[in-house]
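K.L.:
Predicted model and sequence below, questions to follow.
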Amino acid sequence: AVPDGRLTAHTLDHGIGWLTVLADAPPPAHPLLAVSPQGFAAHFPRGPHSSRYYLQCPPDDDPGAWPDDRIWDALRTRLADPALTAGPITDRETFRLRSLVNDPMQYGRLFLVGDAAHIVSPMGGKGMNLALYDADLFARAVRDQVRDGDDTALRTYSERCLRRVWSDQEFSHWLTRTVHDAGDATRCGPFLQRLARARLDRLFTSPAAARAFAELMTGLDPAQDRPATTGR
């Protein structure tokens, strides 16, 4: 619906793939992120009896190259849990980590919200945060126009959204590079690996760094002085 040349699509391919696995296996008490020499891994609850797992892999890897035994062996190694309970795997697929920002986020009376406007690396869980933030700003802007005849918020919608979008894109990129580069140096090399490990160390040794990380991770927006409305 937007003519060519009226939007600029800023894109980034992170050069990283994830194998995502859904299994009927006991969920963890807390979400787990693991950095290891074999690559990144994660374990998240999906209801009381299911788990979602992520394994770093080549971006174009074939899910068929990951039979059940290989998946569970990799998870036990990367999560450092030899006793990790296996279960029936109900879904597996691979995808590339990528980011996208469409600028501006509006064209005439068309306003872009959520994934139509931006895609963010899954690290940091910012996709839903940003989608709800966009929707909240847009709803308030429409209210101002309909109730008060004030179109200021509609005219500045894209500018206000993009400030938050780029902030969350930066954080997700930072976290993506940190947890992937800090583990396996095969892709990034030893220099970037040590930089990533230094960033991780700083989170555990600097209260100021930890506080800033917590603010960004939870979605607090100091400029608006209110938290995002998604779960943590």
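P.N.:
Now that the structure is in, tell me what you want to look at.
K.L.:
Check the gap between Cys161 and Arg199 for me.
P.N.:
For Cys161, the distance to Arg199 equals 28 Å [CB to CB, to the nearest Å]. Quick note: C-beta positions are derived from backbone N, CA and C, even for glycine.
K.L.:
okay, these two: which has more neighbours?
P.N.:
Between Cys161 and Arg199, counted using other CB atoms under 10 Å, Cys161 has the larger neighbour count: 24 against 18.
K.L.:
which residues touch the more buried one?
P.N.:
Listed by CB atoms under 8 Å, 6 or more residues apart in numbering, the contact set of Cys161 reads 105, 117, 133-134, 137.
K.L.:
what's the next secondary structure element after the helix or strand of the chain with the lowest mean pLDDT?
P.N.:
Lowest on mean pLDDT, DSSP states H and E among the helices and strands of the chain sits helix 185-188, with a mean of 86. Going down the chain from helix 185-188, the next helix or strand is helix 190-205, by DSSP states H and E.
K.L.:
Which positions within that following helix qualify as buried?
P.N.:
Within helix 190-205, the residues scored as buried using 16 or more other CB atoms under 10 Å are 193, 196-197, 199.
K.L.:
buried set for the following helix or strand past that helix?
P.N.:
Next in sequence after helix 190-205, counting helices and strands by DSSP H and E, comes helix 207-218. Neighbour counts using 16+ other CB under 10 Å place 213, 216 of helix 207-218 among the buried residues.
K.L.:
helices or strands next to helix 207-218 in the packing?
P.N.:
Counting contacts by 3 or more CB pairs under 8 Å, 6 or more residues apart in numbering; DSSP states H and E, helix 207-218 packs against helix 190-205.
K.L.:
contacts for the helix it packs on?
P.N.:
Contacts for helix 190-205 (CB under 8 Å, 6+ apart): 35, 174, 177-185, 188, 209-210, 213.
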